[in-house]
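> Please find the sequence and the predicted model below.
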Amino acid sequence: MLHVHSYAAGRWVAPGSGARTIQSAITGEIIADAGNDTLDVQAMIAYGRDVGGPTLRAMTFHDRARMLKALALHLRDHRQTLYDLSFNSGGTQNDHVIDVDGGIGTMLVYASKGRRELPDNQVFLDGDLEQLGRTGTFMGHHICTPLQGVAVHINAFNFPVWGMLEKLAPTLLGGMPAIIKPATATCYVTEACVRIMLQSGILPDGALQLVSGGIGDMLDHLDCMDVVTFTGSANTALKLRGNANLLKNSVRFTAEQDSLNASVLGPDALPGTPEFDLFIKEVQHEMITKAGQKCTAVRRILVPQSASEATIDALRDRLANVTLGDPHEKNTQMGALVSNAQKFDVLDKAALIGSEATRVFGDPENHAMSDSKGAFLPPMLYHCADPDNAQHVHDTEAFGPVSTIMPYRDLAHACTLLNKGKGSLVASVITRDGDVAREIVMQSAAFHGRLYFNNRDSMAEATGHGAPLPHMVHGGPGRAGGGEELGGVRAVMHYMQRTAIQGSPDIISAIGGQWTPGGSVQTDTPHPFTRTFHEVQIGDTLHTDAREITLDDIEKFAHFTGDLFYGHMDEDAAKANPFFPGRVAHGYLILSFAAGLFVQPDPGPVLANTGLDNLRFMKPVQPGDSINVQLTVKAKTPRNDDYGEVRWHVDVHNQDDDKVAEYELLTMNAF
Ligand code: NDP
């Protein structure tokens, strides 16, 4: 028997008074216990806030991203332990891969995004600089800094590893410590994963704690700097979000709860098309993966009336070939539900659905594992002929391998049915018709956190209806909880406070760690191209000489590049254009000549020009005008052990000091 520990304030705590027992999903036998009423939850909160938080906040986003990468790679080396334990939860090896490797992969994406999309700094600059005064001496910017409390993550039983890591990665990247509270039914897998992470020595003290079993009155001790995230049932979400202390202190609370996700067969995707076959395959996959215990699983199958019979037949055929059995067996495609309690809950919910729909496949009393004491159920497919006058099929989630086919008359009707779920995590639409996709977006996107379109063109690379991706937002309105997770760096911001800062350019520069236009510059340094990444400083500036632009330059540039656009070549036609006073220099000529003015040609630390951002041409340059350049180091971002990116702010002025062009130049500079 496993004794699943908690990890509280730096030490492991064994199950004690009030511990709950945990069953094997496959045999129904007691395999573990977890929980201890004497757990000191206040000490845990203090440990996270006072020990973990300060260390994490002192690290930059890049430091934390490197930490995540090391952690994910360490977990990958130890994942077999997690697979082995996970069989007790009823899943197949494929299911474990989704959970374990999916979680590790999510952490790796955050590690990579942290290095690529966030600064090597503790402060995140959100959006653009705002000029608040007329001349640019008073500016505004939004910044994000880490919340100074703990993130309490209350998770569901179905993904004991992914469910933890998909929240932990953005939490740690944002600079917050976490307390994980997994669902008791599968907490032995989460505990093993936490042990692996803590034993690696990669995490600072206080960054990660674990509650196995009940969480006690922890929520009553949180305050405005803490965050609670919840994944699980709508009922528990309702109870927790109404906690008086959370409400009183405006503690951030995010919920991701069960929802009635749907998949729509487009009116163009009828039997005989590759889209129809794809639809059948995806729906079947969603019904059997994790034995249907997925928050994103397809519960409602919406098909054109004319395709109803064919859909039932095709799904019956596919489901009949699914091997239900002991997940240890290699050919088992669908294992058990997590527990017998969950199985009975699913049967109760299926009975409700059955009051409005006919079961057309799957008999819970008679299937390949009927004799087992484990929590086995076959896939169960229902058909609801009159979905307009039904309610349970739209609001009762049987959290198992249960889905209902319902016919729609036309696209408007399909959207009405889609929206009857009153908010879902994801809806998928199998169609090749852009007008169908657009119509569904206009009628239904607001009801869904994610819309997944698939057809013959995308199916080879499509990631599946049910797979939340770290890059894309996961969460949905209404019945789905109203929360949002993942979505790239958006998720990191859930653990940070956005603050509007206002002040002079130098104050904004000092806070954000990058140069602000109008801020002080240093011009008495050697040419910045001769200085290494570490030597060159933010604000270092080069003022170049001026260069006149002649008609001959414009002619030569036009013929050399082949850009004979009339604005550069035809005086009358150019004059007739509201933007030009007559023939003007090419924008790319200005850029090229600007480079000719600021580049230091000798071999040196500048390795390559890797791009331009935010390029704007403000005023035409005519023959006889002259241009000069101000080049200022705006920001520096290390990329690896040898070099880093320097972002230069470039202003090009004419002889009257009017700005003719502005952009940001990116170079890679050696250390
Ligand atoms: P629950 O809502 O019962 O539990 C979810 C989490 O909340 C668990 O960690 C649970 O811990 C915890 N919890 C329960 N009560 C409290 C409380 N009073 N204070 C603090 N934490 C609490 O969901 P289950 O996991 O048991 O699943 C039940 C149903 O939820 C499923 O049948 C399904 O409908 C839905 N569900 C939805 C998911 C989704 O991702 N949308 C995922 C999983 C389930 P403990 O286990 O210790 O009680």
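Looks like it came in fine. Numbers count the residues shown, from 1 in each chain.

> contacts and neighbour counts: CA atoms only from here.
OK.

> Could you check the helix or strand where residue 438 lies and say which residues are buried?
In the assignment (DSSP states H and E), residue 438 maps to helix 434-444. Buried residues in helix 434-444, counting neighbours by 16 or more other C-alpha atoms under 10 Å, are found at 436, 437, 440, 443, 444.

> contacting residues around residue 274?
Contact partners of residue 274, counting by C-alpha atoms under 8 Å, 6 or more residues apart in numbering, are 455, 456.

> and of the buried residues of helix 434-444, the nearest to residue 91?
Nearest to residue 91, judged by C-alpha to C-alpha, of the buried residues of helix 434-444 is residue 444 at 33.2 Å.

> on that earlier part again, which secondary structure elements does the helix holding residue 438 contact?
Helices and strands touching helix 434-444, by 3 or more C-alpha pairs under 8 Å, 6 or more residues apart in numbering; DSSP states H and E, are helix 411-419.

> circling back: which element follows the helix holding residue 438 toward the C-terminus?
According to DSSP H and E, the helix or strand after helix 434-444 is strand 448-454.

> residues from this structure in reach of the ligand?
Residues of the chain lying close to the ligand by C-alpha under 6 Å from any ligand atom are 154-158, 181-185, 213-215, 231-233, 236, 256-258, 295, 397, 399.

> one step back: just the CA atoms of the helix holding residue 438, as PDB, please.
Output of helix 434-444 as PDB, limited to C-alpha atoms (Å, rounded to 0.1, in the frame of the first residue of the first chain):
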ATOM      1  CA  GLY A 434     -14.900  28.800 -45.500                       C
ATOM      2  CA  ASP A 435     -18.400  30.300 -45.400                       C
ATOM      3  CA  VAL A 436     -19.600  27.600 -43.000                       C
ATOM      4  CA  ALA A 437     -16.500  28.200 -40.800                       C
ATOM      5  CA  ARG A 438     -17.200  32.000 -40.800                       C
ATOM      6  CA  GLU A 439     -20.900  31.600 -40.100                       C
ATOM      7  CA  ILE A 440     -20.200  29.300 -37.100                       C
ATOM      8  CA  VAL A 441     -17.600  31.800 -35.800                       C
ATOM      9  CA  MET A 442     -20.100  34.700 -36.000                       C
ATOM     10  CA  GLN A 443     -22.900  32.700 -34.400                       C
ATOM     11  CA  SER A 444     -21.000  30.600 -31.900                       C
END
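
> Next, the angle helix 411-419 makes with it.
50 degrees (axes from the mean of the first three to the mean of the last three C-alpha atoms, to 10 degrees).

> Mean confidence (pLDDT) on helix 434-444, please.
Taken as a whole, helix 434-444 has a mean pLDDT of 97.

> cool, and stretch 187-202?
98.

> Show me where the stretch 101-250 of the chain has its helices.
For the stretch 101-250 of the chain, helices defined by DSSP state H, counting those that start in this stretch occupy the ranges 102-117, 162-174, 187-199, 234-241, 244-248.

> which of the ones you listed sits most buried?
Each of the helices of the stretch 101-250 of the chain was scored by mean neighbour count; the highest is helix 162-174, a mean of 26, by mean count of other C-alpha atoms under 10 Å.

> what's in contact with stretch 214-233?
Stretch 214-233 has contacts (C-alpha under 8 Å, 6+ apart) with 35-37, 39, 41-42, 45, 147-156, 181, 184, 237, 243-246, 249-258, 495.

> Would you mind listing where the protein has pLDDT under the threshold?
Judged against pLDDT under 70, the chain has no low-scoring part.

> follow-up on the earlier one: filter the contacts of stretch 214-233 down to the buried ones and express that as a ChimeraX selection.
Selection of buried members from the contacts of stretch 214-233 for ChimeraX, criterion 16+ other C-alpha under 10 Å:
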select :35,36,39,41,42,45,147,148,149,150,151,152,153,154,155,156,181,184,237,245,246,251,252,253,254,255,256,257,258,495
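
> Just the ones of the contacts of stretch 214-233 in strands?
Under the assignment DSSP state E, the contacts of stretch 214-233 contribute 151, 152, 153, 154, 181, 252, 253, 254, 255, 256, 257 to strands.

> Could I get the contacting residues of the second one?
Going by C-alpha under 8 Å, 6+ apart, residue 152 touches 178, 179, 180, 181, 226, 227, 228, 229.

> Return the set of buried residues in the helix or strand encompassing residue 276.
Assigned by DSSP H and E, residue 276 falls within helix 274-288. Buried residues in helix 274-288, counted by 16+ other C-alpha under 10 Å: 275-280, 282-288.

> residue contacts, the closest residue in space to residue 518 that isn't next to it in sequence?
Nearest residue to residue 518, sequence neighbours excluded (C-alpha to C-alpha, 6 or more residues apart in numbering): residue 505, at 5.8 Å. Shown in contact with residue 505 (C-alpha under 8 Å, 6+ apart): 136, 137, 138, 139, 516, 517, 518, 519.

> tell me the SS of the fifth one?
Under the three-state scheme (DSSP: H, G, I helix; E, B strand; the rest coil), the conformation of residue 516 reads as coil.

> residues in contact with it?
Residues near residue 516 by C-alpha under 8 Å, 6+ apart: 505, 506, 508, 509, 634.

> how about a cut-off of 7 Å?
Shown in contact with residue 516 (C-alpha atoms under 7 Å, 6 or more residues apart in numbering): 505, 508, 509.

> swap in the first one?
Residues in contact with residue 136 (C-alpha under 7 Å, 6+ apart) are residue 518.

> That one and residue 128, how far apart?
Separation of residue 136 from residue 128 (C-alpha to C-alpha, to the nearest Å) stands at 14 Å.

> Report all helices and strands that the helix or strand where residue 341 lies contacts.
Secondary structure assignment for residue 341, by DSSP H and E: helix 340-354. On a contact count with 3 or more C-alpha pairs under 7 Å, 6 or more residues apart in numbering; DSSP states H and E, helix 340-354 meets helix 392-395.

> Mind doing that once more with 6 Å?
Helices and strands touching helix 340-354, by 3 or more C-alpha pairs under 6 Å, 6 or more residues apart in numbering; DSSP states H and E: there are none.

> how about the nearest residue to the residue of the stretch 551-671 of the chain found nearest the ligand, chain neighbours excluded?
The nearest approach of the stretch 551-671 of the chain to the ligand comes at residue 639, 36.4 Å away (C-alpha to the nearest ligand atom). In space, and not counting its chain neighbours, residue 639 is closest to residue 645: 6.6 Å by C-alpha to C-alpha, 6+ apart.

> can you count the residues close to that neighbour?
22 (other C-alpha atoms under 10 Å).

> Wasn't it part of a strand?
Yes - counting by three-state DSSP, residue 645 falls inside a strand.

> bridging residues for it?
Note on residue 645: beta-bridge partners by DSSP bridges are residue 637, residue 668.

> still on that earlier bit, from the contacts of residue 505, which single one is nearest residue 670?
Looking across the contacts of residue 505 and measuring by C-alpha to C-alpha, the closest to residue 670 is residue 516, at 24.1 Å.

> what packs against the one helix or strand residue 666 maps to?
Take DSSP H and E as the rule and residue 666 turns out to sit in strand 659-670. Secondary-structure packing of strand 659-670 (3+ C-alpha pairs under 6 Å, 6+ apart): strand 606-617, strand 643-654.

> Which elements pack onto the last one?
By that I understand strand 643-654. In terms of contacts (3+ C-alpha pairs under 6 Å, 6+ apart), strand 643-654 is packed against strand 626-638, strand 659-670.

> and it with strand 659-670, angle?
Using the same axes, to 10 degrees: strand 643-654 against strand 659-670 is 160 degrees.
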